[in-house]
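Trainee: Fold the following, please.
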Amino acid sequence: MDDSGDRAWEDAAFNTRHLHNHLDRGGRPGNVRHEFKVKSTMGTHLVKCAALEKLQQQQQQEQQQHHSPPASPTVVLEIYRLTDQEDGLLGSLRAGNVFEATVAFAGSRKTLGKITRELVAQSVAAEEQAGAVEDGQEESDASSVSGNAKDGDNRAHNSRSPPADQASDNDEDEQDDSEADDDDSDDEGDAGGRTNKRRRQRAAAFEKNSFRQPKFWFRWQGGFEEDTTSHADDDALDGPAPRESRVHGSGYLVFANNDCRRFQGTLTSEQFGWNNVKMNGWRTRPQPERDFEICWTGEH
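Mentor: Predicted coordinates:
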């Protein structure tokens, strides 16, 4: 299928060279109109996408056949926060209760690859830490009886024999407090310098893709809820529970201008058979940076 016509806007957006113009409408130099701020992308965006809406319609038809409550028809893109290195954005894409994915955005393919590798590393580290905590909890439970007995003996001994150098310790604590006060003033100055440095780094990370129409490449990973009730025995009262499949893909997103209120984009996924299917959206509510649970695996 020839999709050259559908991709015309995308080619124009990504290949057109924009020049900075430091003149406002009145021609006065020194004013930059609508300067791009990456945090203006953050918030709740409603999305129109025929491919995602089709997924919802298919599930709604199945739910009606089995008298299940209908799913919400809304498709929502949430952009939550900057990445830890502040070189990209993290968010989620959700289509009712049918489809939900974590989304990573960046101003270049190279940076996007770096971000996804970091997300994989963080996921692996979190799994290893969870396993270590579980192992440690088992060891702690096994030794709790003997540990409690030893703690009782130590408390009895400490009550009989207070430390002889308690006075000297108090003197050292007072000296540490005075040194900490001096360090606080130095820390305030360092904090201001670090903040300015972060702002410069953030501006540099998004500078090349923010000329009038901010552009982002993105990758997504998530779950798709497959309704398996259509395969159940007709005589059975309860069919099998819905099954969630892991899905993944990529896409582009181009905001109309630097206020980031509206955008156009594409979605691609081999699993769904999507090849640059079109989507567009608009921001319904700006939001500050928010944290959320990132679900990203090392499979893709």
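Trainee: quick one, strands of the stretch 201-300 of the chain?
Mentor: Ranges of strands within the stretch 201-300 of the chain are 215-226, 243-255, 262-269, 274-286, based on DSSP state E, counting those that start in this stretch.
Trainee: mind putting those strands in JSON lines, distance to Pro73 and mean neighbour count included?
Mentor: To be clear about C-beta, it is placed using only N, CA and C from the backbone, and glycine gets the same treatment. Converted to JSON lines, the strands of the stretch 201-300 of the chain look like this (distance: least, Cβ to Cβ, whole Å; neighbours: other Cβ atoms under 10 Å):
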{"stretch": "strand 215-226", "distance to Pro73": "15", "mean neighbour count": "21"}
{"stretch": "strand 243-255", "distance to Pro73": "20", "mean neighbour count": "18"}
{"stretch": "strand 262-269", "distance to Pro73": "17", "mean neighbour count": "19"}
{"stretch": "strand 274-286", "distance to Pro73": "15", "mean neighbour count": "16"}
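Trainee: Present the ones you listed as TSV; the columns should include distance to Lys114.
Mentor: As requested, the strands of the stretch 201-300 of the chain are exported to TSV (distance: least, Cβ to Cβ, whole Å):
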stretch	distance to Lys114
strand 215-226	12
strand 243-255	15
strand 262-269	20
strand 274-286	24
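Trainee: Just send the ones you listed back as CSV, with distance to Lys110 and mean pLDDT too.
Mentor: CSV is the format used below for those (distance: least, Cβ to Cβ, whole Å; pLDDT from 0 to 100):
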stretch, distance to Lys110, mean pLDDT
strand 215-226, 10, 92
strand 243-255, 14, 91
strand 262-269, 18, 97
strand 274-286, 21, 96
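Trainee: Phe105 is nearest to which of those?
Mentor: Of all the strands of the stretch 201-300 of the chain, strand 215-226 sits nearest to Phe105, with 4.3 Å by Cβ to Cβ.
Trainee: Run the angle between that closest one and strand 243-255 for me.
Mentor: Here the directions of strand 215-226 and strand 243-255 differ by 160 degrees (axes from the mean of the first three to the mean of the last three Cα atoms, to 10 degrees).
Trainee: what lines up beside strand 215-226 in the sheet?
Mentor: Strand 215-226 has its sheet partners listed here by DSSP bridges as strand 99-106 (antiparallel), strand 243-255 (antiparallel).
Trainee: Just put the ones you listed in CSV and tack on distance to Ile79.
Mentor: Converted to CSV, the strands paired with strand 215-226 look like this (distance: least, Cβ to Cβ, whole Å):
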stretch, distance to Ile79
strand 99-106, 7
strand 243-255, 10
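Trainee: how about those strands, which one is nearest Phe218?
Mentor: strand 99-106 (4.5 Å).
Trainee: got the angle for the closest one vs strand 262-269?
Mentor: Calculated by the same axes, to 10 degrees, strand 99-106 forms an angle of 110 degrees with strand 262-269.
Trainee: Now the element after strand 99-106, going C-ward?
Mentor: Next along the chain after strand 99-106, taking DSSP states H and E as the criterion, comes helix 109-142.
Trainee: Tell me the predicted confidence for Leu82.
Mentor: For Leu82, the model assigns a pLDDT of 95.
Trainee: With that, I have no additional questions.
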